[in-house]
Each structure stands twice: as structure tokens, then as C-alpha cells.
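Novice: turn this into a structure:
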Amino acid sequence: MEIINWITGPFNNFIWSYILIIGLLGLGVYFSIRTRFVQIRLFKQMLKVTVEKNPGSDGVSAFQAFTISAASRVGTGNIAGVALAIAIGGPGAVFWMWIIAIIGMATAFIESTLAQVYKVKDGDTFRGGPAYYMEKALGFRKLGIAFAILLAVTFGFIFNSVQSNTIAHSFASAFGFTNVQIGVVLVILTAIIIFGGVKRIVNFTQVIVPIMAVFYIGLAMYVLFTNITKVPEMFMLIISNAFGLKEVVGGGIGVAIMQGVRRGLFSNEAGMGSVPNAAAAANVSHPAKQGLVQSLGVFFDTIMVCSATAFIILLSGLYTNVEPGMGGVVLTQNSLALQMGSWAQYFVAIAVMFFAFSSIIGNYYYGETNIEFINGNKIALLIYRLVVLAMVMCGALMQMELAWNLADVFMGLMTILNLIIIMMLSRIAIAVGNDYYRQLKEGKDPVFKASSIKGLKNTECWGEDQK
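Specialist: Got it, this is the predicted structure:
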């Protein structure tokens, strides 16, 4: 326990945060330049390829892969995490969340394109992700196993306990249910979906993600329109606090940056190595298409959904006087209640249920893909599923400060490892992206063959000429 407390202590969390800032911002800028700002240049293409139909009967469609990743991305980080960032770092943290998202879109393009290039066939589905490209592109199977373990523990166990904890506290506060009752219901619902396999997970996420997006963003738009005269002042507040021009709630500019980056990463996952597991599942004609889809996913998560929470909180003004225990979901609930009435706490509780439960399912899928990489044995998968369900129950019953801190540390380890690998392999992803753009300029619907990239090998799904 002393070791865990030391790792998750304030100083070491501070160090982790700044390592992530340097790595994410540095590589994000580098990838943006090398891809000629693909996140801006091909934004219209992102919208187009996201709704393309599955070209075959195997795998899942581009949109279904988008909803799997969005299910994991859009969770407590979008409600509780954003509120916590503002409570500690002030309004300026929102600006730095935006920056990490815009830059992170290029990183997401690189890692998800690589996941598509090195994906493998698994029955009538595809699997892939960092563990797979570590092995196939670099021959680093042991490193791939280490990453797979980190991811399965982080997402399947730690993050899922955080999600169930947020649901339990939100519903207990709003509706009076006990944590045990909520935990049991969550375990039953989770079991029904995860024991149904990939197809049931996809069927769930492709329905729930659009519903929760319309539900929550529509709510934020209503708040914006009813406070339209305050909106310019709100944006000026965000910008001035971001650069230390005004005193922020939690301290100085460093606190705003730290909170914005940490919560932005926790939410959109760009560079973390999680989303490529969803990207690899898609059946597309060119790997860069899923790179574009998952780049759009970062925009959707942070620029749209996280901003919705931020606007609700900032327009309420409650963040200036945050009482102990009010920094997470409670701050969002109270901010909305101030503007829409006491019934808003029920509204937020339902939003939390949508967001966090969809994250439990998305997080589970990421872990399953990596358990398959380590050992495809059905017993190993069964054990993983049972531990996930146990962690969902435990999360509903426990105090989660330690889990949040552990999540930050494990997230940091995963991200640093993944960033090093995608930096080493970025040449391939950029070449694949250039191949896509060349065909696009020629008026074609881009189709990829591995033989078109010099020296590319160990790809199973991109041409019969592969060895």
C-alpha cells in the first residue's frame, strides 16, 4: 500500500502530468506538421468516411467502430472530469483541453491508421491495436504483452470501477437507490452485453452513442441560447485564464494546463493506445479511412461533448465557490439545476448513466481485444469477464480517489509506451496517409494494397502478395 500511495502521491502525479504534456503536445505538433495538419485539411473527409457502409460481410462498419470508441471515450471524464478540471484549474483548463484535442487529432490519425495496417483476422471480425503493431511491425511481442496487460487492467478494471462508481453516486444522490442496488443492476446489464460477443457490443454502442450525444449536446445548446448574452464573456474568461491573465481558482497557469491536459487525455484518449483497438475492428477499403474516423472521434469527444459540460458549469458561475466534495458530478448537477430547476439533477444522473455505462462496455471491448492477443484461450476470456463484473460491483461500493489516481498513473504508462512506438512507426502511417490522399486527388475511392508502401511487411489483410 505504501508503494501505491507513493506512486499516486501529489508530487509523482505532478511529474506524470508534465511528462504527458511534453509527450502529447510535442508529438502531436510533430504529427500535425508531418501529416500537413490532416485534422484540418481532411476534416470534410472525416465526416464522409465515418458514414461509409461496410464493404464486406466481415468486421464492423466505419461508423460502428466510431461508436465503439466513442462509447469508451464519452464517459465520466466528460461530466465529472471536466467539472473537476474547472474546479481545480479554473476556466483556463477548458482552453488546454481544446488544444490537446486539436493536436491530438493528428496523433489519433497516426495510431489508428497503424492499427488498421497491422490488424488480423479473427473469425468474421478483425482485431488489432498497439500490442499487435508492436509485434508485427517491430517484432516486440513481449512488449506487446506488457502493453496488453496494462490496457486490460487500466480499462477493464480501473476505469470501469471509476465509471460504475460515478453512476452509483449520481443515482444514489438523485433517486435514493443504495449503492448495492445500483451495483447489482450494472453487473447484470454488463453481463448481458459482454457475454453476447462483439456483435452485441456493436449493436449496443451504435444505438446508445447517437442517443446520448443528441441528448447531452442538445441540453448544452439550450443553456447556451438561454444565456446568449453571457457567451462572449465566457469565451474571454476561458482565454484569459488559460494564459494566466486572470487569477484562476486553483492557482496559476501551470495548474490550468495540467488539469486541461490530464482530463482532456482521460476523456478523448488520443495517443493513449486504447482507441486503435476499436479502429482495427472496422472493415474499410483503406487504413487511412479509420485514421480519419478516429481523428474525428477526438473532436466529437472533447470539442463537442466536454465543451457542453464546460459551458453549463461556466455559465452558472458556481465554479468560483467550490465546496469540498462538489468538484465532480455534483458541480455539473448544481450548475444545471441553477439554470433549469431542481429536476436537472435527475437529468444529469440519466446522462451519467448513458455516458458511464457505454464506457464500461467500450472499455471491456478494449480489454477483450488485448486478452485475445495474450492468450486466445476461452478460459482466459471468461476469467477476464468475471473480473470485469467484479470490478463494476466493487466500483459502485468503494471510495474512488485511489482508483482515479491509479488511473492517471496507468494511463501515463500506457501513453508513454504507445507514443514511443507510434513515433518509431510514424513513417509508415504517414506513407499510408499520403497514398490515401494521392488516390483521393485522382478522383478515386482509395483502396489500399500493402505493396504500394516500400518495405511494408507482416500485414495480413491488405493484399495476397504479403509474406
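
Novice: the stretch 151-300 of the chain: helices as residue ranges?
Specialist: 160-175, 179-194, 197-226, 231-242, 253-268, 276-279, 287-298 (DSSP state H, counting those that start in this stretch).

Novice: as CSV, the ones you listed with mean neighbour count, mean pLDDT and distance to Q116 would be great.
Specialist: Heads up, the C-betas are built off the backbone N, CA and C, glycines and all. Output for these, formatted as CSV (neighbours: other C-beta atoms under 10 Å; pLDDT from 0 to 100; distance: least, C-beta to C-beta, whole Å):
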stretch, mean neighbour count, mean pLDDT, distance to Q116
helix 160-175, 24, 80, 26
helix 179-194, 17, 89, 24
helix 197-226, 17, 82, 17
helix 231-242, 17, 86, 35
helix 253-268, 26, 62, 19
helix 276-279, 33, 90, 6
helix 287-298, 30, 94, 3
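
Novice: wait, which of the ones you listed is closest to G395?
Specialist: Closest approach to G395 among those (C-beta to C-beta): helix 160-175, 3.1 Å.

Novice: next, the angle helix 179-194 makes with that closest one.
Specialist: For helix 160-175 against helix 179-194, the angle by axes from the mean of the first three to the mean of the last three C-alpha atoms, to 10 degrees is 130 degrees.

Novice: so which elements touch helix 160-175?
Specialist: helix 76, helix 179-194, helix 329-340, helix 344-374, helix 378-397, helix 401-441 (3 or more C-beta pairs under 8 Å, 6 or more residues apart in numbering; DSSP states H and E).

Novice: follow-up on the earlier one: how about a markdown table for the helices of the stretch 151-300 of the chain, with distance to A351 added?
Specialist: Converted to a markdown table, the helices of the stretch 151-300 of the chain look like this (distance: least, C-beta to C-beta, whole Å):
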| stretch | distance to A351 |
| --- | --- |
| helix 160-175 | 9 |
| helix 179-194 | 16 |
| helix 197-226 | 5 |
| helix 231-242 | 21 |
| helix 253-268 | 15 |
| helix 276-279 | 22 |
| helix 287-298 | 19 |
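
Novice: nearest to L84, out of the ones you listed?
Specialist: That would be, of these and by C-beta to C-beta, helix 253-268, which comes in at 6.7 Å.

Novice: can you pull the contacts of I201?
Specialist: When contacts are counted by C-beta atoms under 8 Å, 6 or more residues apart in numbering, I201 touches 68, 193-194, 361, 364-365.

Novice: for V49, state which of those is nearest.
Specialist: I68 (15.8 Å).

Novice: tell me the mean pLDDT over the helix or strand harbouring that closest one?
Specialist: Taking DSSP states H and E as the criterion, I68 maps to helix 62-73. Average pLDDT, helix 62-73: 83.

Novice: so which elements touch it?
Specialist: Packed against helix 62-73 by the contact rule (3+ C-beta pairs under 8 Å, 6+ apart) you find helix 43-50, helix 197-226, helix 276-279, helix 287-298, helix 344-374.

Novice: and the first one, how far from the chain's centre?
Specialist: Which is helix 43-50. Centroid separation for helix 43-50 versus its chain: 19 Å, with C-alpha atoms, centre = their mean, to the nearest Å.

Novice: buried set for it?
Specialist: If you call a residue buried by 16 or more other C-beta atoms under 10 Å, then helix 43-50 has these buried ones: 45-46, 49-50.

Novice: which one of the helices and strands packed on helix 62-73 lies nearest to A152?
Specialist: Checking the helices and strands packed on helix 62-73 against A152 by C-beta to C-beta gives helix 344-374 as the closest, at 4.1 Å.

Novice: before we move on, the earlier item: how about the helices and strands packed on helix 62-73 in TSV, adding distance to R385?
Specialist: As requested, the helices and strands packed on helix 62-73 are exported to TSV (distance: least, C-beta to C-beta, whole Å):
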stretch	distance to R385
helix 43-50	30
helix 197-226	11
helix 276-279	16
helix 287-298	26
helix 344-374	8
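
Novice: of those helices, which approaches S426 most closely?
Specialist: Smallest distance to S426 across the helices and strands packed on helix 62-73 (C-beta to C-beta): 11.8 Å, for helix 287-298.

Novice: which SSE is immediately downstream of the closest one?
Specialist: With DSSP H and E, the next secondary element past helix 287-298 is helix 307-316.

Novice: still on that earlier bit, now distance to A270 and pLDDT too, for the buried residues of helix 43-50, in CSV please.
Specialist: Formatted as CSV, these follow (distance: C-beta to C-beta, whole Å; pLDDT from 0 to 100):
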residue, distance to A270, pLDDT
Q45, 18, 93
M46, 14, 94
V49, 18, 92
T50, 17, 91
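
Novice: which among those residues gets closest to K136?
Specialist: Nearest to K136 among the buried residues of helix 43-50, counting by C-beta to C-beta, is V49 at 24.0 Å.

Novice: returning to that earlier point: quick one, which of the helices of the stretch 151-300 of the chain gets closest to I374.
Specialist: I374 lies closest to helix 276-279 among those, at 13.2 Å (C-beta to C-beta).

Novice: next up, the contacts around V447.
Specialist: V447 neighbours (C-beta under 8 Å, 6+ apart): 285-286, 439.

Novice: okay if I get the contacts of I201 as CSV plus distance to F347?
Specialist: Output for those, formatted as CSV (distance: C-beta to C-beta, whole Å):
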residue, distance to F347
I68, 26
I193, 24
I194, 28
I361, 22
Y364, 27
Y365, 28
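
Novice: which one of the residues you listed is nearest to Y216?
Specialist: Closest to Y216, out of all of these and judged by C-beta to C-beta, is I361, at 17.5 Å.

Novice: give me the neighbour count for the closest one.
Specialist: Number of residues near I361 (other C-beta atoms under 10 Å) recorded here: 23.
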